[in-house]
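Novice: Curious how this folds, go ahead:
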Amino acid sequence: MDPHATILADLKQKTDKTLKHLKDQLGTIRTGRASPTLVDTIRVDYYGTMTPLAQIANISVPEPRQLLIKPFDSSTPIFKEVERAILKSDLGLNPQSDGKVLRLMMPPLSGEQRHKLVNKVKDLVEQNRVALRNERRDANKIADQLKKDGQLTEDQCKKAHEAIDKELKLVDQRMEEIFKAKSKEILEE
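Specialist: Prediction:
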């Protein structure tokens, strides 16, 4: 395989991971609507093992502002552990329990809270842009090293740098689209 293509394939793989990481991070940010991704980061002590909530409970959205969590194992200790894990999380929500299911009601966000969340999203996007710049730097270093080792000509190295920049611009545009979509979702009533 041509070294130029290898550099781009490596970069594409890394940028895809960065985009996925950003989407995962943004999925845990509360908006005015309920979403099962809000509880993705919650871990529950399940018989001594910290287990993701989604692996021990069914999570559904019966109404736009409500999450319904039904543990597969409805025994009291597990139910209490799920409730405790939700209370410990940074969601700031109090689960309502009927002994079989937990309901998480999403209170409407104030204008100030919405703007704080948009700023948080902006910060997360910027952190991931820094990661992209680091990935570009590393890819450019590899291209320069291959040129130095004689595996790439001057022109091939220049084309590799241009292809790397083009790829990063596309990913940066995708990040901007993700930012705008998440911001719009947060600011909607």
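Novice: Going by C-alpha atoms from here, please, whenever you check contacts or count neighbours.
Specialist: Will do.
Novice: So the spatially most central residue of the chain versus residue 37, what's the distance?
Specialist: Per Cα atoms, centre = their mean, the C-alpha nearest to the average position across the chain is that of residue 24, at 1.6 Å. With distances taken as Cα to Cα, to the nearest Å, residue 24 is found 8 Å from residue 37.
Novice: Quick check: neighbours shared by these two?
Specialist: Here residue 24 and residue 37 share no contacting residue, scored by Cα atoms under 8 Å, 6 or more residues apart in numbering.
Novice: Mind checking what secondary structure residue 78 has?
Specialist: Classification of residue 78 by DSSP: H, G, I helix; E, B strand; the rest coil places it in helix.
Novice: Return the per-residue confidence for it.
Specialist: Listed pLDDT for residue 78 reads 79.
Novice: Report the residue spans of the protein with pLDDT below the cut-off.
Specialist: In the predicted model, the chain carries pLDDT under 70 at residues 1, 30, 32, 76, 189.
Novice: would you list every one of the helices in it?
Specialist: 3-27, 53-56, 76-88, 111-148, 154-187 (DSSP state H).
Novice: Touching, residue 69 and residue 60? I think so.
Specialist: Yes - using Cα atoms under 8 Å, residue 69 makes contact with residue 60 at a distance of 6.6 Å.
Novice: of the two, who's got more company?
Specialist: residue 69 (26 against 15; other Cα atoms under 10 Å).
Novice: Break the protein down into its structural domains.
Specialist: Recorded structural domains for the chain (assignment: automatic domain parsing) are 3-28+110-187, 36-105.
Novice: which phi and psi does the residue of the chain positioned farthest from its centre have?
Specialist: Going by Cα atoms, centre = their mean, the residue of the chain most distant from its centre is residue 150, 39.9 Å out. Backbone geometry at residue 150, expressed as degrees, to the nearest 10, gives phi 90, psi 10.
Novice: measure it to residue 142 for me?
Specialist: For residue 150 relative to residue 142 (Cα to Cα), the value is 12 Å.
Novice: next one: residue 134
Specialist: The value you get for residue 134 to residue 142, if Cα to Cα is used, is 12 Å.
Novice: Between the two, tell me which one has more neighbours.
Specialist: residue 142 (17 against 12).
Novice: tell me the contacts of the more buried one?
Specialist: residue 7.
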